[in-house]
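Chemist: got a sequence here, can you build the structure:
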Amino acid sequence: MKKLGILTDDHKISDTVFPPIHVERPPIEKHVVHAPHTINEAYDYQKPSSFSRALRLDLGDYKVLVISGTASVNEEGNPEHIGDFKAQLWRTYYNITNLLEAEGMTWHDVVRTTNYLRDIERDYGEFNKIRTSFYNWLGLDPLPAATGIQARLCWETLLVEIEAYAVCKVR
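Modeler: Predicted coordinates for the structure are as follows:
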């Protein structure tokens, strides 16, 4: 923590946690995005987690929405559809859709997704079939850039998690 500038040599909290570079170049303003009717905040879990569901960045004439890994979690912070990959994927799309809507955006503004599957060999075929149907139903063209990764997710009950990046011009 001393090397990070958080603690002084005598183990006290540093008065200069705000890096000097930010005096001349303030960090970009970040706005937390919420969709409480759909999905709760990670810091409200029974075992709190330290991240925001989504952040909006205002960059001149554009706004960028950065959505954290989102899964089949409900407004109370509980997993939904345990053991049902298809239902978990649809709930994940529902959660992301509501986070996009909270900022006046849609899937047409999504430029990239990163898709984490607990068992990519078992579930990728079904994942791609549902994703293709969802994107076709929405009429997305071009499709978002994407990456699929097999990963151990934060809860054993989760089978899929998606993070997304969206960009739109401010009116």
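
Chemist: quick check: end-to-end length of stretch 109-125?
Modeler: Terminal residues of stretch 109-125 are spaced 25 Å apart (CA to CA, to the nearest Å).

Chemist: need the contact partners of that stretch.
Modeler: By CB atoms under 8 Å, 6 or more residues apart in numbering, the surrounding residues in contact with stretch 109-125 are 65, 69, 85, 100, 127, 131, 140, 144-153, 158-168. For the C-beta atoms, the positions are set from N, CA and C on the backbone; glycine is no exception.

Chemist: which positions within the helix or strand N136 falls within qualify as buried?
Modeler: Applying DSSP states H and E as the criterion places N136 in helix 120-138. Within helix 120-138, the residues scored as buried using 16 or more other CB atoms under 10 Å are D123, F127, I130, R131.

Chemist: which one among the residues you listed gets closest to R91?
Modeler: Closest to R91 out of the buried residues of helix 120-138 is I130 (11.6 Å), distances taken as CB to CB.

Chemist: show me what contacts the residue lying closest to the closest one once chain neighbours are set aside?
Modeler: With CB to CB, 6 or more residues apart in numbering as the criterion, I130 has its nearest non-adjacent residue at 5.4 Å, and that residue is L89. L89 makes contact with S72, E126, F127, I130, R131, L159, V160, according to CB under 8 Å, 6+ apart.

Chemist: which helix or strand contains L89?
Modeler: L89 is located in helix 85-101, with elements delineated by DSSP H and E.

Chemist: roughly how far is that helix from the heart of the chain?
Modeler: Its chain's average C-alpha position is 11 Å from that of helix 85-101, according to CA atoms, centre = their mean, to the nearest Å.

Chemist: that one vs helix 120-138, what angle?
Modeler: Interaxial angle of helix 85-101 relative to helix 120-138 (axes from the mean of the first three to the mean of the last three CA atoms, to 10 degrees): 50 degrees.

Chemist: can you give me the mean pLDDT across helix 85-101?
Modeler: The predicted model gives helix 85-101 an average pLDDT of 97.
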